[in-house]
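Peer 1: build the 3D model from these lines:
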Amino acid sequence: MQNVYDFKVKKPNGEELSLKEYEGKPLIIVNTASKCGLTPQFKGLQELYEKYSDKDLEILGFPCDQFNNQEYDNIEKTTEFCQVNYGVNFPIFAKIDVNGSKADPLFTYLKEQKRGLLSKRIKWNFTKFLVDRNGQVVERYGPTIEPSKIEADLTKLL
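Peer 2: Numbers count the residues shown, from 1 in each chain. Predicted coordinates for the structure are as follows:
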C-alpha cells in the first residue's frame with residue numbers, strides 16, 4: 001500500500017467504503033470508545049471538524065472495544081451516543097480491532113508508518129493519526145493528547 005487512500009473500511013451498515021473518497025483531503029483518523037474516560041475528546045474532535053471542514057478536513061472515527069470493553073456492542077448505540085452527547089457529525093465507521101491478529105489493515109498500516117513512544121502497538125482509545133492531502137501519515141498522537149493540541153500541526157496541512 002502506498003497511502004491511506006488505498007484502503008477500504010466498513011461503514012456501520014457493513015458496506016465497504018474506499019478511502020479514495022477522501023483523496024486530497026487531510027485526515028485525522030482515530031480509534032474511539034463511547035464509555036472511556038477520554039470520551040469527552042469527541043467534543044474537541046467535533047470542534048476541529050466544524051472549524052476546518054470547509055478547508056477539506058475529514059475526521060474518521062473507528063470504534064474499538066479492545067481496551068476494557070468500553071464500546072457498545074451495537075454500532076447504532078455507538079453512533080447515537082456520539083451524536084446525542086457530542087454532536088458528532090463526522091463519519092463513524094464499523095467497530096474494529098486496532099491491535100492483534102484481527103487488527104484492521106488500515107490501523108496496521110498507520111502503526112507501521114508512525115510508531116508510538118515505545119512500540120507500534122496502540123495503547124488505548126483515542127490514539128490519533130494525522131494524514132496529509134497525499135495520504136501520508138505525518139504524525140501520531142497518544143490518547144491523552146487533546147484534539148486542540150493537534151491544531152497547529154493540522155493547520156500546516158490545510
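
Peer 1: mean pLDDT per helix and strand in the chain: which one sits at the bottom?
Peer 2: Lowest on mean pLDDT, DSSP states H and E among the helices and strands of the chain sits helix 75-86, with a mean of 89.

Peer 1: okay, now the unreliable bits of the chain?
Peer 2: 1, 117-118 (pLDDT under 70).

Peer 1: in it, which spans are strands?
Peer 2: 8-10, 16-18, 27-32, 58-63, 128-131, 137-141 (DSSP state E).

Peer 1: so who does the residue nearest in space to the middle of the chain touch?
Peer 2: Central residue check for the chain by C-alpha atoms, centre = their mean: the C-alpha nearest the mean position is that of residue 30, 1.9 Å away. Applying C-beta atoms under 8 Å, 6 or more residues apart in numbering to residue 30 gives the contacts 45, 59, 60, 61, 62, 126, 127, 128, 129. All C-beta spots, glycine's among them, are computed from the backbone N, C-alpha and C.
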